[in-house]
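Trainee: have a look at this fold, sequence not included:
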């Protein structure tokens, strides 16, 4: 698989540059850009996995989530610059659905096929559940409800205030987990493992790969954004479907792969940290940062989702909370999450 991604990168990056300079068909360029970003994301995933072996499960999961979301953040910034607010909000909705239902679902399902019963830190699961419900149900639904009786200026002010609070709380949550309460809530069923695992790449090489891959993703993402409108019109895809399904899957490819690999190796603490940690990072950091960044562009982005997006995210959070709160997973729970993702995917496609 690594050889395939290497080949895709070696072919895709030059084709992306040549195609953008020679103005090839937008459909062809869209396919090339998406496949190349997925291939580059695999390198980012391997680099962060190497760093995770040295750093431990919590910091490793955070690294995977952060660099996985870096791709989506880059695509979103260029989309904001182009004034595609709907696609940005839809892609962030898709990221929440993708992480909670697709990534966690595939991780539980594939890991559950190999191991009948897998467990992860129940204290982290419950802590994350509270944050998920706060971020999505409180911080996302409140602006939609209150904005009904507000003008655009007040709605934007509300969005800015909520964004600042979300960023502060997210940083406080990291401080809580990684500093003040690090190691306080240990997984009761977890037995110490003394197995030494060698990272694929050295620390220096991993950081270098991350840097180069991020630069390449930034370049390709800027051009990918300009193909959205043509592709949507040609294939009959709505802006909502492109954002929720296509951009979200492409933008989160790195963490998708990493979480599934970790589940297959029975490292469920890391797999769950990637899936849920990435969702929290999108909801409490990436989205608020984009709201603040939009203030520097011609079109500002208030924290307002459509009711379809809100209901889909709230349903995903509630389902994930119910399934993960016992600190255990199996293949059937994974299949349940995947079924929910497919149902929502069909709905957004037909909307």
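Mentor: Cool, got the structure. Note that the structure is a prediction, hence the values are computed from the model and not measured.

Trainee: going forward, measure contacts and count neighbours with C-alpha atoms only.
Mentor: OK.

Trainee: how about low-confidence regions in the protein?
Mentor: 1, 55-58, 60-62, 64-65, 68, 183-197, 254-255 (pLDDT under 70).

Trainee: at 80 what do you get?
Mentor: 1-2, 41-42, 44-45, 48-49, 52-72, 178-179, 181-199, 203, 248, 250-258 (pLDDT under 80).

Trainee: quick one, strands of it?
Mentor: Along the chain, counting by DSSP state E, strands occupy 118-119, 328-329.

Trainee: next one: the first one to chain centre, how far?
Mentor: Read that as strand 118-119. 23 Å (CA atoms, centre = their mean, to the nearest Å).

Trainee: thinking again about what came up before, out of the strands of the chain, which gets nearest to residue 338?
Mentor: Closest to residue 338 of the strands of the chain, according to CA to CA: strand 328-329, at 13.7 Å.

Trainee: quick revisit: tell me which of the strands of the chain lies nearest to residue 107.
Mentor: strand 328-329 (9.4 Å).

Trainee: what lines up beside that closest one in the sheet?
Mentor: strand 118-119 (antiparallel) (DSSP bridges).

Trainee: what's in contact with the strand it pairs with?
Mentor: With CA atoms under 8 Å, 6 or more residues apart in numbering as the test, strand 118-119 has contacts from 111, 112, 266, 268, 269, 327, 328, 329, 330.

Trainee: swap in 6 Å and give it another go.
Mentor: The contact list for strand 118-119 (CA atoms under 6 Å, 6 or more residues apart in numbering) reads 327, 328, 329.

Trainee: okay, the strands of the chain in JSON lines with mean neighbour count next?
Mentor: Formatted as JSON lines, those follow (neighbours: other CA atoms under 10 Å):
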{"stretch": "strand 118-119", "mean neighbour count": "19"}
{"stretch": "strand 328-329", "mean neighbour count": "21"}
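
Trainee: burial count for the nearest residue to residue 71 once chain neighbours are set aside?
Mentor: In space, and not counting its chain neighbours, residue 71 is closest to residue 251: 5.3 Å by CA to CA, 6 or more residues apart in numbering. As a burial measure, residue 251 scores 29 neighbours (other CA atoms under 10 Å).

Trainee: shouldn't residue 251 be in contact with residue 70?
Mentor: No - if you go by CA atoms under 6 Å, residue 251 and residue 70 don't touch, sitting 8.2 Å apart.

Trainee: now residue 218. Nearest residue, chain neighbours left out?
Mentor: Going by CA to CA, 6+ apart, residue 218 has residue 74 as its nearest residue, at 6.0 Å.
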